[in-house]
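**Student:** return atomic coordinates for the entry below.
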Amino acid sequence: MKVEIWSDVVCPFCYIGKRKFETALAQFSDKNNIEVIWKSYQLMPDMVTNPDKKVYQLVSEKHGIPLERSKAMHSQMTQTAKELGLVYNFDKAIPANTLKAHQLIQYAKTKGKQDQAEETLFRSYLTEGKNIDDVPTLLEIGTKIGLDKMELKMVLDKGTYISEVQADIYEAQQVGVRGVPFFVLDRKYAISGAQEPKEILASLQKAFVEWRKENPDSKLEIIHGAACTPDGECH
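**Tutor:** Take a look at the predicted model:
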């Protein structure tokens, strides 16, 4: 059963949502029958990367709230993250456009490394204070998770996966995404926001029961005869 997750790597609640989803999935008895697909989403597509601006200031200006209130909000998110074993360093975070980061994720998806890409980008932005709009930084991240450095550079230089990023964002509009994280289960159920693991688990179980009815686990009746096996034995 497919679980699609729309997310942006500068979204603090998306990293929290990832951990809560992982906790729920670990408790799900049929987790081996779940295919997780990460989808691109940009909270601020017109964002201009500015290493000199603090996240507190950005949020204060964007939402028209006092700077101190912005700091208090981020402090609360830091505490919530800490309870899940995550470390948020908003003092170090660099406000960045995430288009290049999402291209890295799309490329990583073709190599079976989408989850590693998401995890590393979240940590790079929210914990380590790295500029995830910077190509050398993204090449370092890609190399860390086992991607080919030169191939990734070509992907980023040419914008190879921009259309895939844009397709995910357009698709988000079609399925009703109004904020991230947003989880879609078998295109029948959706979870908006970083819900608690027990809520996610209940939704997984409900969706999977219906999916299994439509996709029965059929077992073949086998008549055995002479055959060769992958280990080189023939009998």
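**Student:** by mean pLDDT, flag the weakest helix or strand of the protein.
**Tutor:** helix 55-63 (a mean of 94; mean pLDDT, DSSP states H and E).
**Student:** list the buried ones in that helix?
**Tutor:** Going by neighbour count (16 or more other Cβ atoms under 10 Å), the buried part of helix 55-63 is 55-56, 58-60. Heads up, the C-betas are built off the backbone N, CA and C, glycines and all.
**Student:** and if you look at stretch 128-139?
**Tutor:** Buried, per 16+ other Cβ under 10 Å, within stretch 128-139: 130-134, 137-139.
**Student:** next step: those residues restricted to helices.
**Tutor:** Among the buried residues of stretch 128-139, the members found in helices (DSSP state H) are 137-139.
**Student:** got the CA positions of the least confident helix or strand of the chain in CSV?
**Tutor:** Output in CSV follows, covering the C-alpha atoms of helix 55-63 (Å, rounded to 0.1, in the frame of the first residue of the first chain):
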residue,chain,number,x,y,z
VAL,A,55,14.6,32.5,10.8
TYR,A,56,13.0,34.5,13.6
GLN,A,57,13.1,37.6,11.6
LEU,A,58,11.7,35.9,8.5
VAL,A,59,8.7,34.5,10.3
SER,A,60,8.1,37.8,12.0
GLU,A,61,8.0,39.7,8.7
LYS,A,62,6.0,37.1,6.8
HIS,A,63,3.2,36.8,9.4
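**Student:** packing partners of it?
**Tutor:** Judged by 3 or more Cβ pairs under 8 Å, 6 or more residues apart in numbering; DSSP states H and E, helix 55-63 is in contact with helix 67-82.
**Student:** what angle do the helix it packs on and helix 55-63 make?
**Tutor:** Going by axes from the mean of the first three to the mean of the last three Cα atoms, to 10 degrees, helix 67-82 is angled at 120 degrees with respect to helix 55-63.
**Student:** contact partners of the helix or strand that contains residue 120?
**Tutor:** Residue 120 is part of helix 114-126, with elements assigned from DSSP states H and E. Here helix 114-126 makes contact (Cβ atoms under 8 Å, 6 or more residues apart in numbering) with 7, 9-10, 12, 14-15, 18, 36-38, 81, 86-90, 93-94, 96, 101, 104-105, 108-109, 130, 132, 137, 141-142, 144-146.
**Student:** now the buried members of those residues.
**Tutor:** Buried among those (16+ other Cβ under 10 Å): 7, 9-10, 12, 14-15, 18, 36, 38, 81, 86, 88, 90, 93-94, 96, 101, 104-105, 108-109, 130, 132, 137, 141-142, 145.
**Student:** and residue 195, what is it in contact with?
**Tutor:** So residue 195 contacts 17, 20 (Cβ under 8 Å, 6+ apart).
**Student:** confidence score at it?
**Tutor:** At residue 195, the model reports a pLDDT of 96.
**Student:** residue 147 now?
**Tutor:** Reported pLDDT for residue 147: 98.
**Student:** regarding it, what is its secondary structure?
**Tutor:** For residue 147, the assignment made with DSSP: H, G, I helix; E, B strand; the rest coil gives coil.
**Student:** what's the neighbour count on it?
**Tutor:** Using other Cβ atoms under 10 Å, residue 147 has 22 neighbouring residues.
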